[in-house]
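*Asks:* no sequence on this one, just coordinates:
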């Protein structure tokens, strides 16, 4: 606030001098805000700056903004490295905006879980992942659902009031439509079984939809609902913040749907970009990041803080949607949801 006010009254000459003498960043990365940004600064940027003597700037925003900005200036991109969800990462790769990351230019790639190293065919690797499981009220849900089928049956029977992400929440096409279609015998090319079971739960009067992650925690605390589909890291952070006696979290069988954040090095980025990307893949940086935010990470050798290690969803507990196919079909899916279930 003070900087902006001073800017209105100092002369143009002084402003020019200040901007000219201000230290320019050696690298610019795009990332999410909140705890994600704090963890990135703490575990990756601070250590990288100390090791290299270079300055890294973080720009917050949305994937759509970043992609549009890169497309507008491909020769001199505004970002060197981006941390971006799978849906958009595939778009970046397909549009030729990303450099190839290999074990030769980023040696830490060899320590990544193979799925996370190979998913982008080199044009991006998985930095970390969250998963959509179930957070529940221990006092009102004595037998929490151990599987997604248990979740369906208990909701239909009125054993609890449940909540799931609405179609307006990013990633809901995977965690809702694809997941429930697969559970009910469909797949990405036949989503009707998933829509049918969600409609059935909705009509039972025991299912609500949420659009904001904070809405889930408020709803659980107020008793508006008893359990909700929710991200593991956010759930555990809430539970550990004085709520262990009242709330629990579970990853239902056959798997909690994964949502992954990739690291991508942008084409025509500064040479330091690949060095930074490689640094973020190290076991040390990844273990620090995962422990801070309670998310799983790409590096299979990362060690987590023992206090939170049990909260990290393991690789074999995950379900991986066919992201490329979903990208092609999600507009149709959203239209079908809006017609059959509502906005």
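*Replies:* Yes, it's here. As the structure is a computational prediction, the values presented were derived from the model and not from experiment.
*Asks:* going forward, measure contacts and count neighbours with C-alpha atoms only.
*Replies:* Noted.
*Asks:* which ones are touching the residue nearest to residue 99 when sequence neighbours are not counted?
*Replies:* Distances taken as CA to CA, 6 or more residues apart in numbering place residue 267 nearest to residue 99, at 5.0 Å, with adjacent residues excluded. With contact taken as CA atoms under 8 Å, 6 or more residues apart in numbering, residue 267 is in contact with 74, 77, 80, 96, 97, 98, 99.
*Asks:* Now, of these, which are buried?
*Replies:* Burial by neighbour count, 16 or more other CA atoms under 10 Å: within the contacts of residue 267 this picks out 77, 80, 97, 98, 99.
*Asks:* Tell me the confidence at the last one?
*Replies:* So that's residue 99. With respect to pLDDT, residue 99 has a value of 97.
*Asks:* and which of the buried ones among the contacts of residue 267 is nearest to residue 236?
*Replies:* residue 80 (32.1 Å; CA to CA).
*Asks:* any idea how far that closest one is from residue 24?
*Replies:* 14 Å (CA to CA, to the nearest Å).
*Asks:* again, but for residue 204
*Replies:* Distance from residue 204 to residue 24, by CA to CA: 58 Å.
*Asks:* What ranges does the stretch 1-150 of the chain have for its helices?
*Replies:* 2-9, 12-21, 34-40, 46-52, 63-72, 86-94, 114-118, 148-157 (DSSP state H, counting those that start in this stretch).
*Asks:* Distance to residue 193, mean pLDDT and mean neighbour count for those helices - can I get that in a markdown table?
*Replies:* Shown next, in a markdown table, are the helices of the stretch 1-150 of the chain (distance: least, CA to CA, whole Å; pLDDT from 0 to 100; neighbours: other CA atoms under 10 Å):
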| stretch | distance to residue 193 | mean pLDDT | mean neighbour count |
| --- | --- | --- | --- |
| helix 2-9 | 55 | 38 | 9 |
| helix 12-21 | 59 | 37 | 11 |
| helix 34-40 | 35 | 92 | 16 |
| helix 46-52 | 48 | 97 | 13 |
| helix 63-72 | 31 | 95 | 15 |
| helix 86-94 | 23 | 91 | 20 |
| helix 114-118 | 28 | 97 | 18 |
| helix 148-157 | 13 | 98 | 18 |
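*Asks:* distance of the closest residue to residue 325 other than its chain neighbours from residue 327?
*Replies:* Nearest residue to residue 325, sequence neighbours excluded (CA to CA, 6+ apart): residue 188, at 7.3 Å. Separation of residue 188 from residue 327 (CA to CA): 10 Å.
*Asks:* ok, those two, which is more surrounded?
*Replies:* Legend: neighbour count by other CA atoms under 10 Å for residue 188 and residue 327, higher for residue 188 (21 against 16).
*Asks:* I figured that one was touching residue 324, is that so?
*Replies:* No - between residue 188 and residue 324 there is no contact, the gap being 10.5 Å when judged by CA atoms under 8 Å.
*Asks:* picking up where we left off before, tell me the spacing between the residue nearest to residue 325 and residue 194.
*Replies:* Going from residue 188 to residue 194 by CA to CA gives 10 Å.
*Asks:* what is in contact with these two at once?
*Replies:* Shared contacts of residue 188 and residue 194, defined by CA under 8 Å, 6+ apart, are found at 178, 181, 182.
*Asks:* Please, which helix or strand holds the last one?
*Replies:* If you go by DSSP states H and E, residue 182 is part of helix 179-183.
*Asks:* and that helix, what does it pack onto?
*Replies:* helix 192-203 (3 or more CA pairs under 8 Å, 6 or more residues apart in numbering; DSSP states H and E).
*Asks:* ok, back up a step: other residues contacting the helix holding residue 182?
*Replies:* Contact with helix 179-183 is made by 148-149, 187-188, 190-195, 197-198, 257, 321, as judged by CA under 8 Å, 6+ apart.
*Asks:* what's the answer for stretch 245-259, then?
*Replies:* The contact list for stretch 245-259 (CA under 8 Å, 6+ apart) reads 85-86, 129-139, 145-148, 171, 174-175, 179, 232, 235-236, 239, 313, 316-321.
*Asks:* quick one: that stretch to chain centroid distance?
*Replies:* Here stretch 245-259 is found 16 Å from its chain centre; the criterion is CA atoms, centre = their mean, to the nearest Å.
*Asks:* mind listing what's buried in it?
*Replies:* So for stretch 245-259, counting by 16+ other CA under 10 Å, buried means 247, 248, 249, 250, 251, 252, 253, 255, 256, 257, 258, 259.
*Asks:* where does the third one fall, phi/psi-wise?
*Replies:* Its backbone dihedrals place residue 249 at phi -140, psi 140, with angles given as degrees, to the nearest 10.
*Asks:* For it, name its beta-bridge partners.
*Replies:* Residue 249 has these beta-bridge partners by DSSP bridges: residue 135.
*Asks:* ok, now the one 4 residues further on?
*Replies:* According to DSSP bridges, the residues that bridge with residue 253 are residue 147.
*Asks:* again, but for residue 128
*Replies:* Here residue 128, judged by DSSP bridges, has bridge partners residue 261, residue 297.
*Asks:* if we can go back for a sec, which members of the contacts of residue 267 are the farthest-apart pair?
*Replies:* Longest span within those, CA to CA: 80 and 96, 14.4 Å.
*Asks:* Skip the chain neighbours and tell me the closest residue to residue 190.
*Replies:* residue 181 is the one closest to residue 190 (CA to CA, 6+ apart), at 7.2 Å.
*Asks:* Right, I'll call it a day here.
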